[in-house]
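Asks: Next one to model:
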Amino acid sequence: MSTFIERMIRAARLDARLYEEVEADQTALGQAMGVVVLSSLAGGIANLGVLGVGGLIVGAIGGLIGWFIWALLTYLIGTKLLPEPSTEADVGQMLRTIGFSASPGLIQVIGIVPFLSGIVQLVAAIWMLVSFIIAVRQALDYSSTLRAAAVCVIGWIIQVAVLVILLRAAGYGPHGPAF
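Replies: Below is the predicted model:
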């Protein structure tokens, strides 16, 4: 069995076998959660000047909540809306694979260097998206990467719509808070 760091490196290398490994390893949930927290902290460190230390804590908690919501959405969309005949998954498998797909997010820490911040954030976002698609393909036992990408896009649209509704309900509109 791979160590935690080896697994993170393999996930960042987009190793499809790693995603199969953590999908099957029911003891890997804590490791997956660790990856999400570390990736969130790396993003928070990159934005310390803007968010402050409180941003690290909020970012880590938000990362964990977002991870759970993404896994649940991906599970529902992938198994109920767009399944393939071979699709077989549960929420735990989604949590483990999607958690490890956050591994490339650790490079965000380099964004603490002001002139590198924008490019590092862009590279991290694209790399994590590709990793996420591979994780979804493997967890849902898809033969089609395009179907996995569709699941990710549909989930992202739903998540953004819910976020906009919640922000508007809280009084945030296109022009900021309503107070």
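Asks: Quick check: closest non-adjacent residue to the spatially most central residue of the chain.
Replies: The centroid of the chain falls nearest to residue 102 when counting by CA atoms, centre = their mean (5.0 Å). Closest residue to residue 102 apart from its sequence neighbours, by CB to CB, 6 or more residues apart in numbering: residue 39 at 4.0 Å. Quick note: C-beta positions are derived from backbone N, CA and C, even for glycine.
Asks: quick one: low-confidence parts of this structure?
Replies: In the prediction, the chain carries residues with pLDDT under 70 at positions 1-2, 173-179.
Asks: Which helix or strand contains residue 68?
Replies: helix 48-76 (DSSP states H and E).
Asks: pretty sure the residue nearest to the centre of the chain is touching residue 36, no?
Replies: Yes: using CB atoms under 8 Å, residue 102 makes contact with residue 36 at a distance of 5.1 Å.
Asks: list residues touching both of those two?
Replies: 63, 67 (CB atoms under 8 Å, 6 or more residues apart in numbering).
Asks: quick one on the thing from earlier: next, the contact list for the residue nearest to the centre of the chain, please.
Replies: Counting by CB under 8 Å, 6+ apart, residue 102 has contacts 35-36, 38-40, 63, 67, 128, 131.
Asks: do that again at 10 Å, thanks
Replies: By CB atoms under 10 Å, 6 or more residues apart in numbering, residue 102 lies in contact with 8, 11-12, 32, 34-40, 42-43, 63, 66-67, 70, 124, 128, 131-132, 135.
Asks: Equivalent analysis for residue 49, please.
Replies: By CB under 10 Å, 6+ apart, the neighbours of residue 49 are 55, 112, 114, 117.
Asks: residue ranges of the strands in the chain, please?
Replies: Secondary structure of the chain (DSSP state E): strands at 172-173, 176-177.
Asks: Is it correct that residue 63 is in contact with residue 41?
Replies: Yes: using CB atoms under 10 Å, residue 63 makes contact with residue 41 at a distance of 8.3 Å.
Asks: Now for these two: what residues contact both?
Replies: residue 105.
Asks: who's more crowded, these two?
Replies: The neighbour comparison of residue 63 against residue 41 (other CB atoms under 10 Å) goes to residue 63, with 22 against 19.
Asks: quick one: the residue nearest to the more buried one when sequence neighbours are not counted and residue 99, what's the gap?
Replies: Among residues not flanking residue 63 along the chain, residue 40 sits closest, at 3.1 Å (CB to CB, 6+ apart). Distance, residue 40 to residue 99, using CB to CB, to the nearest Å: 11 Å.
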